[in-house]
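Participant: Fold the following for me, if possible:
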Amino acid sequence: MKVEIWSDVMCPFCYIGKRKLEVGLQQIDFSDSVEIVWKSYQLNPELQTNPNSSIYHYLSEQKGMPMEQVRTMIIRVSEMAKEVGITMNFEQQVVANSFLAHRLSHLAKKWNVQHACEEALFLAHFTEGKNIDSEDVILEIGTNLGISESEIQALFESDIYSNDVIQDQYEAQNVRVRGVPHFVFNDKYVVSGAQDSSVFAGALRQAFGEWKDAQTSFSSSENSCDLDGNCN
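Facilitator: Okay, here's the model as predicted:
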């Protein structure tokens, strides 16, 4: 069965939601049958990367919030992250456009390391204070995952995978994604936000049960004939 996740690397709740989904996967006995596909969603496509700015000033300007309110919000998010084993160093966080990071994620999907790539991108952005719009950082993350250096360089020298990112965002509109993280289980069940791990486990069980029943139904050989004329 398939789980599609619309997410943005610069969204802290997407990182928290990822971890809670993973905890939910540990609560089921069929996790090996679950395929996770990450979909690109940019919260601020027009954002200009600015390593000299702070996330506090960015959020204050973007949301029109006083600085003290921003600090209170960040403390709350940091505490939520700690509950699932994530350290978020907002003081070091680089204000960066995530388009290049999303393109790397699509390349990582080709190499079957997309889930690990998303973790590495989140870690770089929120914990390590790295610029996810930097070619050096993207190259480091990609090669550490075993992706060909030449294919990563192609991201910098062409627009490869740009259309994939745009297509994901267009698809998000069609499936009425209003915010991220947004999880879709087998094109049917939806979980929005960084919900409790038990919510994810429940959605996984329900979607898997229906998916398994469908597979059994489609594979049944009753009331059918094969190419040799043998009928059941």
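Participant: Which parts of the protein are strands?
Facilitator: For the chain, the strands defined by DSSP state E occupy 2-7, 35-40, 182-185, 189-192.
Participant: Low-confidence stretches in this structure?
Facilitator: 215-232 (pLDDT under 70).
Participant: Contact partners for Ile141?
Facilitator: Applying C-beta atoms under 8 Å, 6 or more residues apart in numbering, we find Ile141 in contact with 104, 117, 120-121, 124. Where you see a C-beta, it was placed from the backbone N, CA and C, and this is true even at glycine.
Participant: if you set the cut-off to 6 Å instead, what comes out?
Facilitator: Shown in contact with Ile141 (C-beta atoms under 6 Å, 6 or more residues apart in numbering): Ala120.
Participant: cool, and Cys14?
Facilitator: With contacts defined as C-beta under 6 Å, 6+ apart, Cys14 is in contact with 7-8, 180-181.
Participant: By neighbour count, which of these wins?
Facilitator: Ser7 (28 neighbours; other C-beta atoms under 10 Å).
Participant: close enough to count as contact, that residue and Val180?
Facilitator: Yes - between Ser7 and Val180 there is a contact under C-beta atoms under 6 Å: 5.2 Å.
Participant: The contacts of Cys14: which two are farthest apart?
Facilitator: Asp8 and Pro181 (8.6 Å; C-beta to C-beta).
Participant: Help me confirm that Thr127 comes into contact with Phe90.
Facilitator: No - applying C-beta under 6 Å as the test, Thr127 and Phe90 come out as separate, 10.3 Å apart.
Participant: quick one: which of those two has more around it?
Facilitator: Using other C-beta under 10 Å, the more surrounded residue of Thr127 and Phe90 is Phe90, with 19 against 16.
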